[in-house]
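Q: Pasting the sequence and the predicted coordinates here, then a few questions.
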Amino acid sequence: MKSKYSVAIIGGGVIGCSIAYHLSEDFGEDVVLLEKEFIASGSSGLSAGILSQQLWDAMNTDMVRRSIEWIGKKSEDDEALVLNRDGLLRVVCTEEETEPLRKNVDLQRTRGCDVRYLEPDEVPSITSEISVDDVRGGAFCPDDAYVDPYQLCISLARDAEKAGVRFYQKSEVRKVERDDDIFHLKTSNDSFESETVIVSSGPWSKKVGKMFGIDLRLKPYRTQVAITTPFMGEVSIPIVHDVTNDLYMKPETGGTILAGDGTENTESDPDDFKEGTDYEFMTSISERMLRRLPRSREASLVRGWSGLCTATPDRHPLIGYHSKVEGLFLAVGFNALGVMRAPAIGEIVRDMMAGKAKEEYITRFDPNRFETAEDFEIIQGFTL
Ligand SMILES: Cc1cc2nc3c(=O)[nH]c(=O)nc-3n(C[C@H](O)[C@H](O)[C@H](O)COP(=O)(O)OP(=O)(O)OC[C@H]3O[C@@H](n4cnc5c(N)ncnc54)[C@H](O)[C@@H]3O)c2cc1C
């Protein structure tokens, strides 16, 4: 068994798989990915898979646009990877939110997004299923999409493996040592050596960072989703995001809807959090659905789950080499937006490692930008 590599990736979620894929061209057999459970067993497999360019900042909008384009192209050669491009309708219900929504739309349009602001009476032209009584403004991007996040991970991992990357599942990295410019990684089964280590361990990244002697400014937080019984029949709707009432609804196969909300504002332990849903969440999400999608009175919520997202103080991820541990590269802190940016992030990591990344990414995502260890508030990722 080969045990020496140029690059070892810790974590086989969508970020680790995308990095493995994008490094495979330059490094191929010199890359190993170590995953403590299975590919997509962490946050990625629990995600709603929404890909929305309607973000608050130009760089992120660009990254999602690039990722949608990338997944669209990839899906042409992989029939299991389906890109559902039915758009995303966003609504706000207070006057104060209309201005930021307009500004976001203007910004997204300058980046080439086909998104438009909607007055309340224009919303029904997108879908007549949505109740607009209390809506003050909206926006629609027909190119927003969704994907099965598990299939995205598998597609990336399979191609990376074909190009020579080695994947070890059920291989938890438990101990790290460094000497002679080489990392020694001890997993639950084996030992590996690598010149560079990339941490893409999702909500566990803070814990993994501790093995390298660093304290990362990350907070994993819990987010819940639930799925309905079939009730939509042949009626189709785009993804709907009600910003004011903190509700998103995504059509699923068989006429069901997946509904979720954003953020629990407290830090969670990825090895000890409630994986099911709270009773309060289930009752409140069904009330919010009923208000926005009256047809959902015909549905009940059959099951739900929770997963963790990972917050940073400024909503931007930490991507790049750590200044205190030579050879340690971080790709962590994707808030609630990891799947929608994953292909673009893989490209950025590849370019950073080759010394070719755009300066704006290097500066904005600099993993060393938080000097002090002050506490910070968890800010919702997917909002205005
Ligand atoms: C309910 C929910 C809905 C979401 N919806 C969306 C959405 O619609 N769109 C979107 O873009 N994002 C969404 N997200 C966020 C998205 O899921 C995350 O941003 C993304 O999955 C992060 O990917 P990751 O690869 O960094 O982390 P993960 O997928 O968690 O991968 C990290 C991996 O590291 C492994 N690992 C940890 N420690 C070790 C170790 N010591 N050794 C080896 N392996 C280790 C874990 O087992 C895990 O598989 C949602 C999240 C949740 C919870």
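A: Thanks, I have it.
Q: which ones are touching the residue most central in space within the chain?
A: Closest to where the C-alpha atoms of the chain average out (C-alpha atoms, centre = their mean) is residue 338, at 1.8 Å. Residues near residue 338 by C-beta atoms under 8 Å, 6 or more residues apart in numbering: 13-15, 43-44, 47, 202, 309, 345. (Each C-beta comes from the backbone N, C-alpha and C, glycine too.)
Q: what does residue 256 give?
A: Residue 256 is in contact with 227-232, 299, counting by C-beta under 8 Å, 6+ apart.
Q: so which pair among those is furthest apart in space?
A: Greatest spacing in these, by C-beta to C-beta: 227 and 232 (12.3 Å).
Q: More neighbours: the two, which one.
A: residue 232 (20 against 17; other C-beta atoms under 10 Å).
Q: quick one, phi/psi of residue 100?
A: Per-residue torsions, residue 100: phi -60, psi -30 (degrees, to the nearest 10).
Q: Excluding sequence neighbours, find me the nearest residue to it.
A: residue 384 (4.5 Å; C-beta to C-beta, 6 or more residues apart in numbering).
Q: Equivalent analysis for residue 332, please.
A: residue 205 (3.9 Å).
Q: sec struct for the one you found, please.
A: Look at residue 205: counting by DSSP: H, G, I helix; E, B strand; the rest coil, its state is helix.
Q: for it, what are its contacts?
A: 11, 199, 216, 218, 310, 330, 332-333.
Q: Tabulate these (JSON lines), appending pLDDT, secondary structure and neighbour count.
A: Output for the contacts of residue 205, formatted as JSON lines (pLDDT from 0 to 100; DSSP: H, G, I helix; E, B strand; the rest coil; neighbours: other C-beta atoms under 10 Å):
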{"residue": "11", "pLDDT": "98", "secondary structure": "coil", "neighbour count": "27"}
{"residue": "199", "pLDDT": "98", "secondary structure": "strand", "neighbour count": "29"}
{"residue": "216", "pLDDT": "95", "secondary structure": "coil", "neighbour count": "22"}
{"residue": "218", "pLDDT": "96", "secondary structure": "coil", "neighbour count": "24"}
{"residue": "310", "pLDDT": "96", "secondary structure": "strand", "neighbour count": "28"}
{"residue": "330", "pLDDT": "98", "secondary structure": "strand", "neighbour count": "28"}
{"residue": "332", "pLDDT": "98", "secondary structure": "strand", "neighbour count": "26"}
{"residue": "333", "pLDDT": "97", "secondary structure": "coil", "neighbour count": "28"}
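Q: Filter those to keep only those in contact with the ligand.
A: For the ligand, the contacts drawn from the contacts of residue 205 by C-beta under 6 Å from any ligand atom are residue 11.
Q: Which member of the contacts of residue 205 is positioned nearest residue 275?
A: The closest of those, once distances to residue 275 are taken by C-beta to C-beta, is residue 310, at 16.4 Å.
Q: And the pLDDT at the residue in the stretch 151-300 of the chain positioned nearest to the ligand?
A: Residue nearest to the ligand within the stretch 151-300 of the chain: residue 202 (2.4 Å; C-beta to the nearest ligand atom). On pLDDT, residue 202 comes in at 98.
Q: you'd agree it is up against residue 44?
A: Yes - Residue 202 is in contact with residue 44 according to C-beta atoms under 8 Å; the separation is 7.4 Å.
Q: Give me the phi and psi angles of residue 7.
A: According to degrees, to the nearest 10, residue 7 has phi -130, psi 130.
Q: try residue 19
A: Torsion angles, degrees, to the nearest 10, at residue 19: phi -70, psi -40.
Q: what does residue 305 give?
A: phi -150, psi 170.
Q: partners of it in the sheet?
A: Here residue 305 sits in beta bridges with residue 225, going by DSSP bridges.
Q: what sits against it?
A: Contact analysis of residue 305 by C-beta under 8 Å, 6+ apart lists 46, 224-225, 275-277.
Q: Just the closest of those residues to residue 364, please.
A: Closest to residue 364, out of all of the contacts of residue 305 and judged by C-beta to C-beta, is residue 46, at 27.0 Å.
Q: and that closest one, how many neighbours does it have?
A: Counted with other C-beta under 10 Å, residue 46 comes out at 19.
Q: secondary structure element for the closest residue in space to it that isn't next to it in sequence?
A: In space, and not counting its chain neighbours, residue 46 is closest to residue 307: 3.4 Å by C-beta to C-beta, 6+ apart. Assigned by DSSP states H and E, residue 307 belongs to strand 301-311.
Q: Not counting the helix ranked longest in the chain itself, show me its contacts.
A: Longest helix of the chain, by residue count under DSSP state H: helix 58-77. With contacts defined as C-beta under 8 Å, 6+ apart, helix 58-77 is touched by 51-55, 81-83, 85, 107-108, 110-113, 143-145, 147, 152, 155, 337, 340-345, 347-348, 360-361, 364.
Q: Quick one: distance of the helix or strand following it to the chain centre.
A: Next along the chain after helix 58-77, taking DSSP H and E as the criterion, comes strand 88-92. Put simply, strand 88-92 sits 19 Å off its chain's centre (C-alpha atoms, centre = their mean, to the nearest Å).
Q: Domain boundaries for the chain, per the record?
A: 4-45+150-217+313-364, 219-311 (automatic domain parsing).
Q: May I see the buried residues of stretch 64-74?
A: Residues of stretch 64-74 classed as buried by neighbour count (16 or more other C-beta atoms under 10 Å): 64-68, 70-72, 74.
Q: For the ligand, tell me which of these show up nearby.
A: Near the ligand, by the rule C-beta under 6 Å from any ligand atom, you find none of the buried residues of stretch 64-74.
Q: Next, the residue lying closest to residue 295 once chain neighbours are set aside: phi, psi?
A: Of all residues not flanking residue 295 in the chain, residue 129 sits nearest, at 6.1 Å (C-beta to C-beta, 6+ apart). For residue 129, the backbone dihedrals are phi -80, psi -20 (criterion: degrees, to the nearest 10).
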